[in-house]
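[1] quick one: sequence and predicted model below, then my questions.
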Amino acid sequence: MIPMRRVVAIAVFLFLANLAHAQAPELPGWKLVWSDEFNYTGHPDPTKWGYEEGYVRHNELQYYTVNRLENARADGHNLLIEHTRGHK
């Protein structure tokens, strides 16, 4: 027999997994005009995402890079954007 604690843990896991895959409800007067599900791996989809390169914002002392997987990539579920210390 399976312990009750394990049954509850499995039930909670299945419930949360179902929530993660649920679609947003349609709201009256609202229309979805853009989305990206990130159901691929590698570079962000260039038809939906772009890069800025150089020292481009607010006199920041950081350099924005282009097309570097270590800085921006899709992992099959999410868009990951990471700051790394390094060269241009």
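    Sure thing, it's come through.
[2] quick one: the helices in this protein?
    4-20 (DSSP state H).
[3] poorly predicted segments of it, please.
    1-2, 7, 13-24, 87-88 (pLDDT under 70).
[4] got the residue ranges for the strands in the chain?
    All strands of the chain, identified by DSSP state E, fall at 41-42, 72-75, 79-81.
[5] show me what the last one is packed against.
    Secondary-structure packing of strand 79-81 (3 or more C-beta pairs under 8 Å, 6 or more residues apart in numbering; DSSP states H and E): strand 72-75. From N, CA and C alone the C-beta is placed, and that goes for glycine too.
[6] buried residues in the strand it packs on?
    Neighbour-count burial for strand 72-75, with 16 or more other C-beta atoms under 10 Å as criterion, is recorded at 72, 73, 74.
[7] who's the first one bridged to?
    In this structure, residue 72 has beta-bridge partners residue 81, where bridges are defined by DSSP bridges.
[8] thought it was touching residue 79?
    Yes. Using C-beta atoms under 8 Å, residue 72 is in contact with residue 79, at 7.3 Å.
[9] picking that back up, pipe the strands of the chain into TSV and attach distance to residue 61 per row.
    Listed next are the strands of the chain as TSV, based on distance: least, C-beta to C-beta, whole Å:
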stretch	distance to residue 61
strand 41-42	29
strand 72-75	20
strand 79-81	19
